[in-house]
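Asks: pasting the structure only:
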Ligand code: 13P
């Protein structure tokens, strides 16, 4: 069984001013929560795996076969797209070799000409393997330990060059940040997003979806964002639910150390959150 390519689902969302959520996996529990909820709601979802999460889980084959196994067991092949998130050149090649049908080449740390050259190569290889490609133009910011890097806004001429390289979807820097947003965050640059949408006329991706208000997410969807990436919010929800379990349960009583008990409420908390976003009303019309 081949996994599905994400292109059609995201293009359909773009045409309908709708959105597909990309939720990052961090381990089996995450993967199961995402896939089981998508199936129970009959809603498509993109399950994103960063090279760091892939390494943590054991490697590309482990993640590919774990997701493929869950897709088979939950009969969710038409709903779930496994996607390499923020891959370097070699990560994309490896992912395609293993069977991923959706990859992101992140050349944002390279100079633009190298980013463009590598994106063209990845697109050529991906197309031969029925794999869709996301690329990044500009730089998405990040936050760590209350320090913030605001990234670099996407330049329209560079975005057009990446579109012409053959990418299916494009991740843009419009003031978005991976991780937590600072209290004095300036917000998304909707004028830039509107301009990008008019000039590119293709599905755009909003990374750093955690912590952006529902209202701003909806506005960004109306302006061409068709894929929203979420990781931090689910990590916080999981950690808080585990903290509650450890505060409320004596580990050595009632076999509370059994992992199937100790992860039960964090799994439920993750499922509830995933349900709430997949069922959300994201279309402004
Ligand atoms: P957050 O962790 O800020 O939700 O961003 C996730 C993301 O963009 C993954 O590519």
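Replies: On my side now, so go ahead. Every value quoted in this text rests on a predicted model; they were computed, and no experiment measured them. Numbers count the residues shown, from 1 in each chain.
Asks: Near the ligand, which residues of the chain are found?
Replies: 24, 48, 85-86, 178-179, 207-210, 229-233 (C-beta under 6 Å from any ligand atom). In this view, the C-beta of every residue, glycine as well, is placed from N, C-alpha and C.
Asks: What is the strand or helix carrying residue 52 packed up against?
Replies: Counting by DSSP states H and E, the element that carries residue 52 is helix 51-57. Here helix 51-57 touches helix 60-73, strand 80-87, going by 3 or more C-beta pairs under 8 Å, 6 or more residues apart in numbering; DSSP states H and E.
Asks: winner for burial among the ones you listed?
Replies: Stretch with highest mean neighbour count among the helices and strands packed on helix 51-57: strand 80-87 (a mean of 26; mean count of other C-beta atoms under 10 Å).
Asks: Go ahead and name everything in contact with that one.
Replies: If you take C-beta atoms under 8 Å, 6 or more residues apart in numbering as the criterion, strand 80-87 is touched by 3-6, 9, 22, 24, 34-35, 38, 44-51, 54, 63-64, 67-68, 70-71, 91-92, 95, 100-106, 134, 136, 229.
Asks: Inside helices: which ones of these?
Replies: Counting by DSSP state H, the contacts of strand 80-87 place 9, 34-35, 38, 51, 54, 63-64, 67-68, 70-71, 91-92, 95 in helices.
Asks: Could you point out the member of those that lies closest to the ligand?
Replies: residue 51 (11.5 Å; C-beta to the nearest ligand atom).
Asks: just to revisit the earlier point, any chance of a markdown table for the helices and strands packed on helix 51-57, columns mean pLDDT?
Replies: Converted to a markdown table, the helices and strands packed on helix 51-57 look like this (pLDDT from 0 to 100):
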| stretch | mean pLDDT |
| --- | --- |
| helix 60-73 | 98 |
| strand 80-87 | 98 |
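Asks: could you dump these to JSON lines with distance to residue 219?
Replies: As requested, those are arranged in JSON lines below (distance: least, C-beta to C-beta, whole Å):
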{"stretch": "helix 60-73", "distance to residue 219": "32"}
{"stretch": "strand 80-87", "distance to residue 219": "24"}
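Asks: To residue 242, which of these lies closest?
Replies: Closest approach to residue 242 among these (C-beta to C-beta): helix 60-73, 21.1 Å.
Asks: Now do residue 179: how many residues are near it, please.
Replies: Neighbourhood size, residue 179 [other C-beta atoms under 10 Å]: 18.
Asks: ah, wrong one, I meant residue 171
Replies: 26.
Asks: The one 3 residues further on too?
Replies: Burial of residue 174 is recorded as 26 neighbouring residues (other C-beta under 10 Å).
Asks: Repeat that for the one 10 residues further on.
Replies: By the criterion of other C-beta under 10 Å, residue 184 has 6 neighbours.
Asks: try residue 15
Replies: The number of residues packed near residue 15 is 10, by other C-beta under 10 Å.
Asks: I'd like the distance between it and the ligand.
Replies: Distance of residue 15 to the ligand, computed by C-beta to the nearest ligand atom, to the nearest Å: 23 Å.
Asks: and what of residue 44?
Replies: Distance check for residue 44 against the ligand: by C-beta to the nearest ligand atom, it reads 18 Å.
Asks: Same question for residue 217.
Replies: Residue 217 is 12 Å from the ligand, by C-beta to the nearest ligand atom.
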